[in-house]
Every structure is written in C-alpha cells, then in structure tokens.
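# Structure for the following, please:
(one chain, ligands or ions: 1)
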Amino acid sequence: MSNVVLGVTGSIAAYRAADLARELMRGGCTVRVCLTPSAEKFVTRVLFESLTGQPCLVWAFDEPEAGRMAHIDWARQADLLVIAPATANILNKLAAGVADDMLSTIALAYTGPMLVAPAMNPAMLANDTTQESLRRLVARGVEIVQPAEGEVACGEHGQGKLASVSEIASAALALIGWTRSLRGRRVLITSGPTREPIDSVRFLSNRSSGKMGAALAKAALWMGAEVTVVTGPTSVPPPLGASVVKVETAQEMLAAASEEAPAADLILAVAAVADYRVAEPSRGKIRRTAEDLLLRLVPNPDVVAELGRIAKPGAVLVGFAAEPTDDLAVAREKLERKGLHFIAANDVSRPGIGFESDENELVLIGRQGPPERSGTLSKIACARWLLERVARALPG
Ligand code: C5P
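Modelled structure (predicted):
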C-alpha cells in the first residue's frame, strides 16, 4: 500500500481533486489530503475526510495527533506527493522554498518524488515567473502533468485547464510503480572528482561537479534503495537519506568503496577518478624558481574495475564514459576492459550537457542489444532513465 499526500490548492478545478483522490485509492493508495486555505473556499475538509477516511489538513498548525508534528509525519510517511490542481502561487512558492501554510510546509519537509498538475489562467501560466518556477521544479525532478488547452473558467481560451483526472492518476501510479523498482537493494555510487596532491596546498583534479552522482543517488533513494555515496570534493551535496563517505584521492576512494562494494547490488561508478597521481607529493609548499618543475605521475588504481573483482555474484556494475566525441567504440572498449555490465557514455564536448551542467544526454551500452539514447534530459530525469534500465538487469 503506497501513501500518497494529495495537495489541493485554490483553483476552480479543486473540485476535481475529489475524483482524483478516488482514482488513486482505486489504484491501491492510501490518500491523505492537504488543502490550502484558499482551496478550502472551493471544497471542504469534510468532503475529503469522508472520501478518504483519513484526516485532512489545512492550517500550518493543524495537529490531528497531539504532541506530533503533522507536517513532518506526513512528509516522512509519503511515498508520493501529488499537487493537483496546482496554482501559480504554489508553483512559485515551491520553486522558492516558501513554507507559509501546511501544504507548502509539507512540501519543503518532503524529500521524495513529486507530481504537480498546474491549473490556472493562461496568462498566469505563460508568465515568466511561473515558467521559470516550472523549469526549476523540473530540474529538481518534479514531474509535471501539463495543463490542457481550452476554455478556462475565466472565459479565456488557452493553455491552463487542469489535465484529466485519469491522466494525473496514471502519471501518479506510474511514478509509484517506478519508485518501487530498487526497494531492498543496496546501491553504491562513486561520485565527483578526486584530488591528487602535488604539495600541501595544490592538487591535480578535473571538472566533475558531482551533479550526476547526486542525481543518481536521489533517484535511487526515490526508487527505494539504500544508497551509499563515496564522493570526492563537490559543490553539490549528495541528497539527504544517502550515507556519504567523503574522500579526496583515488586511493582513498578505492579504500572507502571497497568496504561497501561486497554488499552492493548495484555499483554506479560516476566518479571522474584521476588516472594519475603525483608519485611523490611535496610535504610543504613548492616554491617558485627559475627552473622547470617536473612532476612524475604514476597510474592510479582503476576503482570500478577493482570493485568489480570484489562485488557479489549478480551485482550489476555500471561505468560512465565522458568522452569528447560521440564515438561509442571507446565506451565499448571500456565496458570490456573494466568488466562492466553497462557503460553510460556522454559526449562532453557538446555545450550544455555533461560536466557542471544541469542537463545530460546518455547513451547506455549493455553487453547485449543495441545502445539506447536518453535524449537531452535534466540530470535527475537522466538518472531515472538510467536506473530504470539497469534495475532490469538485477537478479529477481
Ligand atoms: O577509463 P575512464 O576513466 O575513462 O573510465 C571511466 C569509468 O571508469 C568511470 O565509470 C569511472 O568512474 C571509472 N574509473 C574508475 N577509476 C579510475 C578511472 C576511471 O573507477 N581510476
């Protein structure tokens, strides 16, 4: 039984949330409804409490259970947060992290997958602020059920009508189905760059931001996995809920990941591990002289290949190949050489995808079958795309 929190905001379409609650219940979900105070002008708490058999919240300080904090309890217990209909106000508040009523407070405390179905006047939807908020929400992994075109309540014609109840319900149930596919699995992710010291203040590193690793960790958590991230220094923190081991060098990454690898069902090697380290880093700070400075580099261990050797039978190993070309031969060669089950290649020479950006485009190559292309997606959508595919290779 999945727990859905259904947020209903103050759009004229609020009455349709009653049918949506029923549809979700028919799909096997326990539905708890949270109205915004303006939604309560259109529909009542009693309607939803009678329909769902569950308490319905409106005000930030509503506490059905004395001594508990409902906004935290509801956020923790939910497998999915659906907001339908979602007004421009709630979308803009979600994007900015405003928490000034019960629904927006639950949303801020909630870390799982979210679906929003906007409904509003076409000009409010087309407004730059609303569009910017929608883009920000999509980049965070929020799924949007786009409003339909037609005549809206104010008599105007345009895009803004709430999508059909069956469309929203099936998107919600698909999201729940998706979020179960890694339940009970342990996922190990290596992420970010490594830093190889030159002396006590300098290091060799690379442009990996850790965004793709963080996105994979978040998506794997949403899919129910237990997630460990072994990460080099990044500006993007791994998501709450993942256990995190911070490392600097490739050797430290290998040591930390080796502790986790034998228990992992799925190993995702996203880290951009430095291939070489300085053979003898200087203890102090190297001073400038008029002479050339030669650094002798020695090869680092291949972390993912080593993890493959100690992984349990049936574990699935996924590598990443950030290549400056779309030539998949290089990626295929790595798949073989490193003993991987899959390799996800991305062309880092293309502007707007790969290192440091919020979007990515992957080509997933397995041992069998033709390569699959994700198309350009937000990193979180890319993560979901990839996990859905590699999860199928896990033993039942
Ligand atoms: O050989 P290359 O570095 O291009 O291979 C990339 C893949 O191998 C990535 O999955 C990366 O995380 C992994 N790798 C590793 N240890 C290294 C080098 C790469 O785990 N020393």
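# contacting residues for the residue lying closest to S243 once chain neighbours are set aside?
Closest residue in space to S243, ignoring its immediate chain neighbours: T228 at 4.8 Å, by Cβ to Cβ, 6 or more residues apart in numbering. C-beta: built from backbone N, CA, C; applies to glycine. Residues in contact with T228 (Cβ atoms under 8 Å, 6 or more residues apart in numbering) are 186-189, 242-245, 260, 264.
# Buried ones among those?
Taking 16 or more other Cβ atoms under 10 Å as the criterion, what is buried in these is 186-189, 242, 244-245, 260, 264.
# List the ones among those residues that fall in strands.
Judged by DSSP state E, the subset of the buried ones among the contacts of T228 located in strands is 186-189, 244-245.
# Could you tell me which residues of this structure lie near the ligand?
Those residues of the chain that sit near the ligand, judged by Cβ under 6 Å from any ligand atom, are 190, 250, 269, 271, 273, 275, 300, 302-304, 319-321, 334.
# Point out the other helices and strands that the worst-scoring helix or strand of the chain on mean pLDDT packs with.
For the chain, the helix or strand with the lowest mean confidence is strand 359-360, at a mean of 85 (criterion: mean pLDDT, DSSP states H and E). Other elements packing on strand 359-360 under the criterion 3 or more Cβ pairs under 8 Å, 6 or more residues apart in numbering; DSSP states H and E are strand 377-378, helix 379-391.
# hmm, who's touching the shortest one?
By that I understand strand 377-378. By Cβ under 8 Å, 6+ apart, strand 377-378 touches 138-139, 141, 215, 358-361, 385.
# same thing but at 6 Å, please
Strand 377-378 has contacts (Cβ atoms under 6 Å, 6 or more residues apart in numbering) with 138-139, 359.
# Now flag whichever of those is closest to D327.
Within these, the smallest distance to D327 is 21.2 Å, found for E359 (Cβ to Cβ).
# Tell me which of the residues of the chain next to the ligand fall in strands.
Per DSSP E, these map to strands at 190, 269, 319-321.
# Dump those residues to CSV, plus pLDDT and neighbour count.
Listed next are these as CSV, based on pLDDT from 0 to 100; neighbours: other Cβ atoms under 10 Å:
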residue, pLDDT, neighbour count
T190, 98, 32
A269, 98, 28
G319, 97, 27
F320, 95, 26
A321, 92, 22
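# Identify the farthest-apart pair in these.
T190 and A321 (14.1 Å).
# Is the nearest residue to A84 once chain neighbours are set aside in a helix, a strand, or coil?
In space, and not counting its chain neighbours, A84 is closest to A117: 3.8 Å by Cβ to Cβ, 6+ apart. Classification of A117 using DSSP: H, G, I helix; E, B strand; the rest coil returns strand.
# Contact partners for A117?
Listed by Cβ under 6 Å, 6+ apart, the contact partners of A117 are 84, 86, 145, 162-163, 168.
# Please narrow these to those residing in helices.
I168 (DSSP state H).
# and which of the contacts of A117 is nearest the ligand?
Using Cβ to the nearest ligand atom, V145 comes nearest to the ligand of the contacts of A117, at 34.6 Å.
# burial of that closest one, as a residue count?
22 (other Cβ atoms under 10 Å).
# my guess is it meets L162, correct?
No - counting by Cβ atoms under 6 Å, V145 stays clear of L162, with 8.6 Å between them.
# pLDDT score for the closest residue to G112 other than its chain neighbours?
Leaving aside its sequence neighbours, G112 sits nearest to W222 (Cβ to Cβ, 6+ apart; 5.8 Å). At W222, the predicted lDDT confidence score is 92.
# Just say helix, strand or coil for T129.
helix.
# who's in contact with it?
Counting by Cβ under 6 Å, 6+ apart, T129 has contacts N92.
# which residues does the closest residue to A272 other than its chain neighbours contact?
What sits nearest to A272 in space, not counting adjacent residues and going by Cβ to Cβ, 6+ apart, is S208, at 3.6 Å. By Cβ under 6 Å, 6+ apart, the residues touching S208 are 192-193, 272.
# Over to S208: give its phi and psi.
For S208, the backbone dihedrals (degrees, to the nearest 10) come out as phi -60, psi 130.
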